[in-house]
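Participant: sharing a sequence plus its predicted fold:
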Amino acid sequence: MRKIGLNIVALSHSVSQSHNYAVVLGEEEGNRRLPIVIGSFEAQAIAVAMENMAPSRPLTHDLFKNALKTFDIHLREVIINNLLDGIFYARLICTRGEEVIEVDSRTSDALALAVRFECPIYTYEFVLDAAGIVLEDSDEDFEDDYIEDDTEREVVVPVKGTSLSAYSVEDLTQMLNEVLSEENYERAAEIRDELNKRSKDSE
């Protein structure tokens, strides 16, 4: 079957399940979107990698990546290969030398590893036909549910806490270091976004 390339275009609080998150995958050469509901831990794992944060200790997906690299195994690609009863299934396509190894995986874990290995993400036509959403040029409702602005690749992970707009850049930088040391990566992502916004506003 022909593989269809996907990119992570948004990570946000799920609009359908209040206690979960949704990672939105966009078709590389098309206008279809594939939203997948994931748990908060997996959302955090994806967000940490997308934001290039360096945890003081390796998270589970970092540990798995390090283990694969130690044994000279490379994650070549991730394929979301099936959809049964509303559940997405994925496979890790790994290589060791000339040997190709396929490993079953939860889709959320596969995506967290794909971001870390910077490997391509694929699916098949029947998966997009069953669960994909076609975006028309004038259709903004779906994107508005997941993305707050027009950035090509945005991470949106809402977290509770005091508004950051009242803090100075120095205070925010100190807070960022503190929450990273506490491994509170959701809060760190919020602070990082505020710092990035300040930096862009000052240009």
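Facilitator: The structure has been received and is ready for your questions.

Participant: quick check: next helix or strand after the lowest-mean-pLDDT helix or strand in the chain?
Facilitator: Of all helical and strand segments in the chain, the minimum by mean pLDDT, DSSP states H and E falls on strand 154-155, at a mean of 36. On the C-terminal side of strand 154-155, the closest following helix or strand by DSSP states H and E is helix 169-181.

Participant: quick check: which helices or strands does that following helix pack against?
Facilitator: In this structure, helix 169-181 makes packing contacts with helix 185-202, judged by 3 or more CB pairs under 8 Å, 6 or more residues apart in numbering; DSSP states H and E. (C-beta placed from N, C-alpha, C; glycine too.)

Participant: tell me which residues are up against the helix it packs on.
Facilitator: 40, 44, 47-48, 51, 53, 55, 155, 157, 159, 161, 164-165, 167, 169, 172-173, 175-176, 179-180 (CB atoms under 8 Å, 6 or more residues apart in numbering).

Participant: and that helix, which residues are buried?
Facilitator: Of the residues in helix 185-202, those scored as buried under the neighbour-count criterion (16 or more other CB atoms under 10 Å) are Tyr185, Glu186, Arg187, Ala188, Ala189, Glu190, Ile191, Arg192, Asp193, Glu194, Leu195.
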